[in-house]
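[1] Need coordinates for the following:
(2 chains)
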Amino acid sequence: MFESLTDRLNETFARLNRKGRLTEADVDEAMREVRRALLEADVNFKVAKEFVGAVRERAVGQDVLRSLTPAQTVIGIANEELVRVLGEEPEGLKAPDKPPQILMLVGLQGSGKTTHAAKLALHLRKQGRNPLLVAADVYRPAAINQLQALGKQVGITVYEEGTGANPVSIAANALRWAQDRGHNPVIVDTAGRLQIDERLMQELVDIRDRVRPTEILLVADAMTGQEAVGVAQAFHDQVGASGLILTKMDGDARGGAALSIRAVTGVPIKFIGTGEKLDALEPFYPSRLAGRILGMGDILSLVERAQEQLDGDEDPTKLQERMLKGNFNLEDFLDQLQKIKKMGPLTQLLDMIPGLGAQMRQAKAQISDDDYKHIEAIIYSMTPDERRNPDVIGKRRTARIARGSGRTPQEVKALLKQFEEMQKMMGQLGKMAKKGKMPPGLGGPGGGGFPGLPLR
Amino acid sequence: MILKFFRRKSAPDAQLEQGLEKTRRGVFLEITRLFDRGVLDDDLYEELEMLLIQADVGWDVSQKLVAELRRRVERDRLVDPLAAREILREEMIQLLEGSMRNRTVKILQRGVPFVIMVVGVNGVGKTTSIAKLAAYHQGFGRSVMVAAGDTFRAAAIDQLTVWGERLGVPVIAHAQGGDPGAVVFDAMRAAHARNADVLILDTAGRLHTKHNLMAELGKLRGIVQKSVPDAPQETILVIDATTGQNGLVQAKEFSASVAITDILIAKLDGTAKGGIAFAVAKELGTPISYVGTGEKATDLAEFRPETYVDSLFFGQGEGF
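    This is a model prediction of the structure:
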């Protein structure tokens, strides 16, 4: 729904260009668009103002006025500035002076503390650690059960004393308990609270003073609006945060709140939560969020996901060879399709591709992940022989496949036709590659990605 | 001026209370002060726009509100800032009231359960809001039942069960990981069998970008309609008051999957103003019907545009 900043700046400059030379006032108009993009991404208005000031100064200095691609220049500067504010390199968790490492999670209600306590525990156990989860939320009904259930799911011990105990003593007891049993790190899940609730804020201070956590991680929802700064500032001033976990990043929120929090408190963003599954926790990369705030896509995350899926693949070059000979079949196609599917919902993948024009974005609205399923269903309804050799599929077989997959015969035919064209195209590409007209490395590892993925 | 709206359980300390007041007042004090300055100049309009944006009203709606104010001030050649302030107040209330006219008339029929389906993204406060809605309907002497349709989140069922015990409301639940459709099916039967007036369906939190999960909502709706064709009579989208511009996208996407009849703004007891309500009302015309203001079952109020605008933006009125 948001028009990307790139599109808007292009429009702005195109309009201005018609007048001939660009002036400083034109740059101001472009800056208005930058500011608007930031505000629409929920960047705090004060932060947005300062930020635009910095971008403007550099833009004028770098002679955007004489640049042939002023939009790109402005975007480039804005992107660089964003990365600078967000903290250049990803930051990991601090090591404790002496073990165990104690991680305390704090935040508003519903930001995702309990889920992320469990995610963090799983993440650290994968690094060979022996974490302990501590249930210190005695207020929300069933919060302790939730942590226990999550702990059970991933086989991580949960320390709890029920809802009658005091969170401060729970944390202290848990620490002793962990030390006796060699648990490290100790992850303390606290109750969600409003930053203006002085009594509950004091409780956090008391827990902090008692257990001296290595890190106090503020858990914040990526969809938070302008209040993010006030909330983060209050938690930071009263309890002191050392890091931020930005949750629900698998949605389509631009996550401008993160920029604001970072800019105002200086607290580094350490992790992002990207899904409901407990392994959906990723280290934070400033450049990726910068691209997202500006609506530029996130090609790096896309490549990473592709690599994850293709890792341990038999021999990608072999498939590529066969493909280029036009010698691949519907089974290969299904296999590729499933790999793409594992990378995440299609719409989300498309969002990561930078520079998708307005046209493509419109097409996106019509693509649903059901299309995958329909294609899958059609191919599954074919015999192994038909999959390897689609030419044998005639009218009767088409009708049978349609019945079997619950799709219409037209859809089956369309899929076959598209597949045939793809095969031809691949064959041609292969010939070109042979003649040296084109480098053989098609599309990175595994040569994945059929160009004509039949989607309506 | 008592903001009942912001009532909290404990805070006997007067000094402390004062401290809180300061945090709460931010935006509306500034809006009021802005018009106390005496001149209607560009600076005022610009600052006003900023204040609206700060309340999450959003770039687009803020621009339009300010432009409309400006137009009316210029048309009527107004010089009195207080008159201008009144116009702004009027415009804001009107914007919200426009959507309130879309509220459907709801009729409770004997022997037919009034089904309320509650949906929203993760962590907005659906389960707590359901407890509040249950208490709200109990307040009218209606018998209420609740279905634990969130079979995904760990302990969501327990959370609802605890509320059910506190309120004396039967909770229809299956095991975690079960099929929410089956829960809804059983709940519909139970509601008929026990002659419940109101049945509230909890659903798992889902991001509006998850196609499959959104489609599941449509399926649940279908199950409800098998036994009561015009149910759910109310489908409530819960939006967290701290939500920024994504709230509008949420409202659009949820409306596309299930017909949202009402919006409940939860967690309006913090410092957030829930300004996204304006964008939602303007763009979608979906009525904001309820506000949630605390952690107790009684902390629910019917939304009234005038009260909302007065107490959150102009610092007047009694609050909800």
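[2] For the stretch 51-200 of chain A, which residues are neighbours of chain B?
    A:108-112, A:139-143, A:145-150, A:153, A:194-199 (C-beta under 8 Å from any C-beta of the partner chain). For every residue, glycine as well, the C-beta is placed using N, CA and C.
[3] what bits of chain A have low per-residue confidence?
    Scanning chain A for pLDDT under 70 picks out A:1-6, A:16-21, A:63, A:65, A:296-326, A:342-369, A:429-456.
[4] Scan it for its longest helix.
    When chain A is parsed with DSSP state H, its longest helix is helix A:409-434.
[5] How about the secondary structure of the most far-flung residue of chain B relative to its centre?
    Each residue of chain B has a distance to the centre, and by C-alpha atoms, centre = their mean the biggest one is for B:Arg77: 37.5 Å. Following DSSP: H, G, I helix; E, B strand; the rest coil, the label given to B:Arg77 is coil.
[6] Give me the distance between it and B:Ala83.
    Distance, B:Arg77 to B:Ala83, using C-beta to C-beta, to the nearest Å: 11 Å.
[7] now do A:Ala121
    Taking C-beta to C-beta as the measure, A:Ala121 falls 60 Å from B:Ala83.
[8] just the helices in chain B please.
    Under DSSP H, chain B gives helices at B:14-36, B:42-54, B:59-75, B:81-100, B:126-138, B:156-167, B:180-193, B:211-227, B:246-257, B:276-283, B:305-309.
[9] would you turn these into JSON lines with mean pLDDT and distance to chain A?
    Compiled in JSON lines, the helices of chain B are given as follows (pLDDT from 0 to 100; distance: least, C-beta to the nearest C-beta, whole Å):
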{"stretch": "helix B:14-36", "mean pLDDT": "60", "distance to chain A": "5"}
{"stretch": "helix B:42-54", "mean pLDDT": "92", "distance to chain A": "5"}
{"stretch": "helix B:59-75", "mean pLDDT": "95", "distance to chain A": "5"}
{"stretch": "helix B:81-100", "mean pLDDT": "93", "distance to chain A": "17"}
{"stretch": "helix B:126-138", "mean pLDDT": "96", "distance to chain A": "8"}
{"stretch": "helix B:156-167", "mean pLDDT": "95", "distance to chain A": "4"}
{"stretch": "helix B:180-193", "mean pLDDT": "96", "distance to chain A": "15"}
{"stretch": "helix B:211-227", "mean pLDDT": "93", "distance to chain A": "5"}
{"stretch": "helix B:246-257", "mean pLDDT": "93", "distance to chain A": "4"}
{"stretch": "helix B:276-283", "mean pLDDT": "94", "distance to chain A": "7"}
{"stretch": "helix B:305-309", "mean pLDDT": "91", "distance to chain A": "16"}
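[10] ok, and the closest non-adjacent residue to the closest residue to chain A within the stretch 1-150 of chain B?
    With C-beta to the nearest C-beta, the shortest gap between the stretch 1-150 of chain B and chain A falls at B:Gly123, namely 3.1 Å. Once flanking residues are discounted, B:Gly123 sits nearest to A:Gly110: 3.1 Å by C-beta to C-beta, 6 or more residues apart in numbering or on different chains.
[11] The one you found belongs to a strand?
    No: counting by three-state DSSP, A:Gly110 falls outside a strand, being coil.
[12] Which residues lie in contact with it in this structure?
    A:192, A:221, B:122-125, B:240, B:267 (C-beta atoms under 8 Å, 6 or more residues apart in numbering or on different chains).
[13] Can you tell me which of those end up in strands?
    Counting by DSSP state E, those place A:221, B:240 in strands.
[14] how about TSV for the contacts of A:Gly110, with distance to A:Arg388 and neighbour count added?
    Output for the contacts of A:Gly110, formatted as TSV (distance: C-beta to C-beta, whole Å; neighbours: other C-beta atoms under 10 Å in any protein chain shown):
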residue	distance to A:Arg388	neighbour count
A:Gly192	56	25
A:Asp221	49	31
B:Asn122	44	24
B:Gly123	48	24
B:Val124	50	29
B:Gly125	54	23
B:Asp240	52	31
B:Lys267	57	29
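[15] Looking at the contacts of A:Gly110, point me to the pair that's furthest apart.
    Greatest spacing in the contacts of A:Gly110, by C-beta to C-beta: B:Asn122 and B:Lys267 (13.8 Å).
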